[in-house]
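Trainee: compute the structure for the input listed below.
(2 chains)
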Amino acid sequence: MQDFRYLSGVSTLKLDPDACTGCGLCTVVCPHGVMALENNGEGGGKGKKAKIVDLDGCMECGACANNCPTDAVQVTPGVGCATYIIQSWIYGKEAATCGVNCC
Amino acid sequence: MLEPKNECSDTPGCDCHAGKEMLPMAPAGTGETAEVACRGGALGKRADPMERPGYVLRSFVEAFVRTPAGPVPRVRTTLDRSDRMGVLAARLGFGRNDYRVAPGLYCVGNPTPDSPVLVTANYKLTFDALRRALANTSAWILVADTRGINVWCAAGDALFSSEEVSRRAASSRLADVVNHRRLVLPQLAATGVSAKAVKKGCGFSVVWGPVRVEDIEPFLSAGMNTEPAMRRVTFSLKERLVLVPVEITLLWKGLLIGLAAIFLISGIGSHIFSLSMAWSRGGMAAAAGLAGIVAGTVLTPALLPWIPSRPFAVKGLILGALAWAILALLFQGKAGGLEMTALLLFTIAVSSYLAVNFTGSTPFTSPSGVEKEMRIAIPFQAAATLLAIVAWVGAGFIG
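Mentor: Take a look at the predicted model:
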């Protein structure tokens, strides 16, 4: 997806390295390769932890946070749809929908 | 234990293809011969032996296999005419919101209790894509009730959820059908499904399958291992263009209101309202609106990676301005400077808005980014529309 880049520095994705157990599930479920497992220097393969390697590639789908067993990953997921966003401005986030004909 | 039943094999005694010459229930004394149906013409098909009172037998079901949890429909891995017509209709936006299959357990090939279980959504387009990709596979297919919505959108709406998968596995008595405790889920369901919660909810562990259906057979034959490319979404020209018809059909209502407004506004002038002006100038304004729609919903998706600038509002604006330039050549001598300015503002407002609207269909734009650009773009688009109306009406008075 390197051909398609969207706005920089907007993603709400956050990673707490202290809470990360290095299970790697976030790297499996991310459809954009935003996370990667990296050795943090603590002895052998055991010291692996997730790292955000492409923050601007994140589309905030929430798959990583939803599957993180220790809640080390946080992101505000949402619908990147114009109709939904306009409705959320008018009626608030709870009442907004992207319309009956949308996805 | 899993032999198919109810399959006609043209064996003696099987009456599946009993001749049309028989009309056992022909009413006596009507004078009809046995060869002709009362209403004339050829007789319809006999009831399929698999039909059951109160149920509709779907054409994609090829047979039923017996399992300890009852008969499970075995589905075809090819699409027939009605499936293909359904794909076309859904892609064009007709009946797309109620295009579903019944949730529950299905199978393909000749699955055994050791065969993999593939979990999917009950949007028929999704279900068809999956079974079509399983021509060389024997597997169980667990269809979740995602309210007829595709995998990724349903996961984003928490409809394709851990609870739904767990509930469906339990209600389908999956544990009685298979020996293992493993579910293969499409990777894009991870937005709504948590592997940990499914394990807790129904005892099955989740294996994350590839993003695309065409990678499922390679994934299964590689012992459920994925290549990195199978884990990444793509947005090829074909994947973008297939979305265009729905983008357009979603506009019908706005289009009709817009056209009525265009003709009304175009007729206003020094004669209060002139029908001939509404017709001639309205035609030009409608053409500008159409140019904006083509730029925003067709050209923006098609040319997406090559249009300079990252905000979609700017991409739409650039293509809208180009579309207007073509109109300007066509309208040379017919429209004045003020009118051409009004048409430019109108075209770019439409194309810019529709381009932003397309972010909802892309697999890479973040909601935070879309909201950020909309906060800036919407006031400009509204101002451009307002200015366009003022200039257009003003030109009506001058002309």
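
Trainee: for burial, what's the neighbour tally of residue B:119?
Mentor: 27 (other CB atoms under 10 Å in any protein chain shown). All C-beta spots, glycine's among them, are computed from the backbone N, C-alpha and C.

Trainee: to clarify, my last question referred to residue B:46.
Mentor: Residues near residue B:46, counting by other CB under 10 Å, number 12.

Trainee: got the contact list for the nearest residue to residue B:275 once chain neighbours are set aside?
Mentor: Distances taken as CB to CB, 6 or more residues apart in numbering or on different chains place residue B:267 nearest to residue B:275, at 6.3 Å, with adjacent residues excluded. Residue B:267 is in contact with B:273-275, B:277-278, B:281-282, B:396, counting by CB atoms under 8 Å, 6 or more residues apart in numbering or on different chains.

Trainee: could you list which of these belong to strands?
Mentor: Members of the contacts of residue B:267 lying in strands (criterion: DSSP state E): residue B:273.

Trainee: are any of the contacts of residue B:267 buried, and if so which?
Mentor: Among the contacts of residue B:267, those classed as buried by neighbour count (16 or more other CB atoms under 10 Å in any protein chain shown) are B:274, B:277-278, B:281-282, B:396.

Trainee: closest to residue B:162 among these?
Mentor: residue B:282 (54.3 Å; CB to CB).

Trainee: chain center to the strand or helix carrying residue B:386: distance?
Mentor: Secondary structure assigned from DSSP states H and E places residue B:386 in helix B:367-398. Chain-centre distance of helix B:367-398: 31 Å, with CA atoms, centre = their mean, to the nearest Å.

Trainee: mind checking if it is in reach of chain A?
Mentor: Yes: among the residues of helix B:367-398, B:367-374, B:378 lie within reach of chain A under CB under 8 Å from any CB of the partner chain.

Trainee: how near is the residue in chain A that chain B sits nearest to to residue B:378?
Mentor: Nearest residue of chain A to chain B: residue A:81, at 3.0 Å (CB to the nearest CB). When CB to CB, to the nearest Å is applied, the distance between residue A:81 and residue B:378 equals 14 Å.

Trainee: ditto for residue B:104
Mentor: 44 Å.

Trainee: re earlier: for the helix holding residue B:386, buried residues please.
Mentor: B:367-371, B:373-374, B:377-378, B:381, B:384-385, B:388-389, B:391-392, B:395-396.

Trainee: contacts only, for the residue nearest to residue B:78 when sequence neighbours are not counted.
Mentor: Across the structure, with CB to CB, 6+ apart as the measure, the residue nearest residue B:78 apart from its sequence neighbours is residue B:132 (7.0 Å). Applying CB under 8 Å, 6+ apart to residue B:132 gives the contacts B:77-79, B:213.

Trainee: which of those sits closest to chain A?
Mentor: After measuring those against chain A - CB to the nearest CB - the closest member comes out as residue B:213, at 14.8 Å.

Trainee: about what we covered before: let's have the residues of helix B:367-398 next to chain A in TSV, adding pLDDT.
Mentor: Putting these into TSV (pLDDT from 0 to 100) gives the following:
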residue	pLDDT
B:367	91
B:368	93
B:369	94
B:370	93
B:371	93
B:372	94
B:373	95
B:374	95
B:378	95
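
Trainee: for the chain, just list every one of the strands.
Mentor: You didn't pick a chain, so chain A it is. With DSSP E as the definition, chain A shows strands at residue ranges A:14-15, A:35-39, A:48-52, A:73-74.

Trainee: my bad, chain B
Mentor: For chain B, the strands defined by DSSP E occupy B:4-5, B:61-65, B:72-75, B:104-108, B:117-120, B:139-143, B:182-185, B:205-208, B:268-269, B:272-273.

Trainee: now the third one: average pLDDT?
Mentor: Looking back up the chat, that one is strand B:72-75. Taken as a whole, strand B:72-75 has a mean pLDDT of 98.

Trainee: could you list every helix and strand in contact with it?
Mentor: For strand B:72-75, the packing partners by 3 or more CB pairs under 8 Å, 6 or more residues apart in numbering or on different chains; DSSP states H and E come out as strand B:61-65, strand B:104-108.

Trainee: will you turn those into JSON lines that also has mean neighbour count?
Mentor: Output for the helices and strands packed on strand B:72-75, formatted as JSON lines (neighbours: other CB atoms under 10 Å in any protein chain shown):
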{"stretch": "strand B:61-65", "mean neighbour count": "17"}
{"stretch": "strand B:104-108", "mean neighbour count": "23"}
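
Trainee: and the ones you listed: which comes nearest chain A?
Mentor: Between chain A and these, the shortest separation by CB to the nearest CB is 23.4 Å, and it involves strand B:104-108.

Trainee: what's that closest one in contact with?
Mentor: Taking contacts as CB under 8 Å, 6+ apart, the residues outside strand B:104-108 that touch it are B:65, B:69, B:72-75, B:77, B:115, B:131, B:134, B:137-143, B:168, B:171-172, B:174, B:177.

Trainee: mind listing what residue B:296 touches?
Mentor: Neighbouring residues of residue B:296 by CB under 8 Å, 6+ apart: B:316, B:319-320, B:350-355, B:357-358.

Trainee: try it again at 10 Å.
Mentor: Applying CB atoms under 10 Å, 6 or more residues apart in numbering or on different chains to residue B:296 gives the contacts B:247, B:251, B:312, B:315-317, B:319-320, B:323, B:347-358.

Trainee: please determine how far residue B:208 is located from residue B:225.
Mentor: Distance of residue B:208 to residue B:225, given as CB to CB: 11 Å.

Trainee: anything in contact with each of those two?
Mentor: With CB under 10 Å, 6+ apart, residue B:208 and residue B:225 have common neighbours residue B:219.

Trainee: of those two, who's got more company?
Mentor: The residue with more neighbours, out of residue B:208 and residue B:225, is residue B:208; 23 against 11, by other CB under 10 Å.
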